[in-house]
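Engineer: Need the 3D shape of this:
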Amino acid sequence: MSEMNINQVLAQMRTMSIGAANQPAPVSTESDFGALLKQSIDSVNNTQQTAGKLSQAFEIGDTDVSLAEVMIASQKADVSFQAMLQVRNKLVDAYKEVMNMPI
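Structural biologist: Alright, predicted model coming up:
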């Protein structure tokens, strides 16, 4: 190899190592977890709101809403709420466990 090729290769290697050292920091999972939790809570809320609207429409006598739709929406809302409740309980338990850890 000639002197010029070696210098070019070394310059490229230095540039690559500097680029690797200046990689962006990993994204904080705290904000991602918070966004995911908020999204799931909003989803449960929307499911409950939909079930409530269907139930109200059925009670009024809307012919477009059947009893089966009302019952299915109600059960979906109940299951999603129970799942969210279990997640909350696990989070509270994990928080208590972390708080009881010795320093």
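Engineer: And the helices in the protein, which stretches?
Structural biologist: Along the chain, the stretches classed as helices by DSSP state H are 3-21, 29-60, 67-99.
Engineer: Against Gln49, how distant is the closest residue to Ser66 other than its chain neighbours?
Structural biologist: Of all residues not flanking Ser66 in the chain, Phe58 sits nearest, at 7.8 Å (CB to CB, 6 or more residues apart in numbering). From N, CA and C alone the C-beta is placed, and that goes for glycine too. Distance, Phe58 to Gln49, using CB to CB, to the nearest Å: 15 Å.
Engineer: So between these two, which is more surrounded?
Structural biologist: Applying other CB atoms under 10 Å to Phe58 and Gln49 shows that Phe58 carries more neighbours, namely 18 against 11.
Engineer: Could you export stretch 51-68 as CSV, CA atoms only?
Structural biologist: Taking C-alpha atoms only, stretch 51-68 is exported to CSV below (Å, rounded to 0.1, in the frame of the first residue of the first chain):
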residue,chain,number,x,y,z
ALA,A,51,-70.2,0.6,26.2
GLY,A,52,-72.1,3.3,28.1
LYS,A,53,-73.2,5.0,24.9
LEU,A,54,-74.4,1.7,23.4
SER,A,55,-76.3,0.8,26.6
GLN,A,56,-77.9,4.2,26.7
ALA,A,57,-78.9,3.9,23.0
PHE,A,58,-80.4,0.5,23.7
GLU,A,59,-82.4,1.8,26.7
ILE,A,60,-83.8,4.7,24.6
GLY,A,61,-85.0,2.2,22.1
ASP,A,62,-82.6,2.7,19.2
THR,A,63,-83.3,0.0,16.7
ASP,A,64,-79.7,0.0,15.3
VAL,A,65,-78.4,-1.3,18.6
SER,A,66,-79.0,-4.9,19.6
LEU,A,67,-78.8,-6.4,23.1
ALA,A,68,-75.9,-8.6,22.0
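Engineer: buried sites along that stretch?
Structural biologist: Of the residues in stretch 51-68, those with enough neighbours to count as buried (16 or more other CB atoms under 10 Å) are Ala51, Leu54, Ser55, Phe58, Val65.
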